[in-house]
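1. 3D model of this:
(one chain, ligands or ions: 1)
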Amino acid sequence: MTGPVGVKVGLIGAGTMGRRHLDALRRDPRVEIAGVADVVAASARTAAETVGARPCGSVADLADLGVQAVFVTLPNAFHGAVVLEALDRGLHVFEEKPMATTLEDGRRILRRVRTGNRVYQMGFNRRWAPSYQFLRRHVDAGFTPFSANVKINDGDMLTPTWYTNIAISGGFMYDTAVHLFDMVAWLVGPIETVAALGRRSCYPIYDDIAMLLRCRGDRPVAFTTCGHASWAAPQERVELYGDHALLVSEDLDRARYTTREEPQAEWQRFPSPDQVTLWGYVDEDRAFIDAVLGLAPPPVTVDDAFHSLAVLDAAYASIAAGGVAVPVPTL
Ligand SMILES: NC(=O)c1ccc[n+]([C@@H]2O[C@H](COP(=O)([O-])OP(=O)(O)OC[C@H]3O[C@@H](n4cnc5c(N)ncnc54)[C@H](O)[C@@H]3O)[C@@H](O)[C@H]2O)c1
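-> Predicted structure coming up:
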């Protein structure tokens with residue numbers, strides 16, 4: 001149970017990601033997990049039991065339990081409507097990525113959050129992962145990335161079962177690449193145009209994509225993503241090029257800073273007690289609770305969420321247009 005400074009939360013979508021957030025949330029003594037909702041009653045019941053919560057079926061049920069905040073961990077296409085309903089019910093919202101599968105839903109959420117007084121945080125967990133924190137610390141300390149080369153791959157697209165169903169997922173890049181769009185914007189600068197080439201190779205949707213991004217300040221970024229690369233590490237790698245200096249990260253647990261004077265600098269390795277910590281879920285959930293309690297603003301804002309969705313939209317528009325550079329919508 002929460003004390004006087006606690007937050008009563010609910011979660012909707014008791015699948016893989018929902019269970020990870022429950023694991024993260026139960027480590028925060030300020031949190032009371034009151035309800036877990038899922039359209040599949042058995043999933044709600046099993047997940048709710050693990051945290052001593054009430055199984056439910058919908059956001060309305062969670063609101064009836066008196067929760068102040070809700071975690072939305074549903075398949076992508078259901079995010080928009082449920083987030084809007086939660087905001088309408090006066091709930092603070094933590095939303096898993098992507099923000100939505102249509103720009104229109106994204107715009108609705110953006111307007112609703114901007115004109116309301118509820119906390120909204122997007123689930124870009126990599127901002128708390130140690131390898132990306134290492135890069136960001138160097139950028140904050142004065143390293144200027146003039147250009148970058150990034151990749152993020154999946155071994156296959158078999159799970160979740162709806163991954164290759166565009167009507168539910170939105171497309172391959174709505175799942176994984178969206179994380180690195182946020183990393184590029186966070187580390188290099190907002191993405192202004194995208195030129196993308198795509199290929200359907202092993203699945204019926206675009207699963208091989210190469211892009212050229214232009215970030216603010218005319219900074220070029222080469223970005224590739226593949227959905228059938230085997231699970232060999234590193235699945236993701238970011239290289240930031242500075243003034244005769246290089247910042248590089250591989251996956252979430254190692255990074256390196258080299259300079260002209262020290263080209264052989266050692267890799268830094270960042271061990272974590274478990275995956276939920278390494279991937280940043282524990283810290284991002286704590287940051288959301290801080291924001292709900294008014295201790296700090298949410299670190300990943302609705303504007304950040306919308307920017308990543310706008311980049312996705314521009315990237316698919318560019319593929320459809322044969323690779324021309326498409327401006328990233330700002331609203
Ligand atoms: N940040 C990350 O690292 C990360 C990792 C994996 C997934 N995700 C995101 O988390 C979300 C969930 O992904 P997942 O892999 O857990 O999916 P999943 O399929 O494992 O779980 C989704 C759950 O939602 C339930 N559900 C579906 N429609 C519903 C509805 N209308 N109302 C209530 N419940 C409903 C399903 O029964 C299922 O239990 C996705 O948006 C995905 O992009 C984020």
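
2. got the domain ranges for this protein?
-> Segmentation of the chain into domains, based on automatic domain parsing, reads 7-125+281-300, 127-270+309-327.

3. buried deepest among the ones you listed, which one?
-> When the domains of the chain are scored by mean count of other C-beta atoms under 10 Å, the highest mean neighbour count falls to domain 7-125+281-300 (a mean of 20). Quick note: C-beta positions are derived from backbone N, CA and C, even for glycine.

4. that one and the ligand, any residue contact?
-> Yes: part of domain 7-125+281-300 sits near the ligand under the criterion C-beta under 6 Å from any ligand atom, namely 12-18, 37-40, 43, 73-76, 78, 96-97, 123, 125.

5. let's have the domains of the chain in a markdown table, adding mean pLDDT.
-> Shown next, in a markdown table, are these (pLDDT from 0 to 100):
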| stretch | mean pLDDT |
| --- | --- |
| domain 7-125+281-300 | 98 |
| domain 127-270+309-327 | 98 |
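
6. so what's the backbone phi/psi at D218?
-> Main-chain torsions, D218, degrees, to the nearest 10: phi 60, psi 40.

7. what of the one 3 residues further on?
-> With angles defined as degrees, to the nearest 10, V221 sits at phi -130, psi 120.

8. can you pull the contacts of the residue of the chain found nearest the ligand?
-> Of all residues in the chain, G15 sits closest to the ligand, at 1.8 Å by C-beta to the nearest ligand atom. By C-beta atoms under 8 Å, 6 or more residues apart in numbering, the contact set of G15 is 38, 43, 73, 75, 160.

9. now, which of those sits nearest L309?
-> The closest of the contacts of G15 to L309 turns out to be P75 (C-beta to C-beta; 15.9 Å).

10. didn't that closest one look like it was pressed against I168?
-> Yes: in this structure P75 lies within contact range of I168 using C-beta atoms under 8 Å: 5.1 Å.

11. need the residues touching each of the two.
-> What both P75 and I168 touch, as defined by C-beta under 8 Å, 6+ apart, is the set W162.
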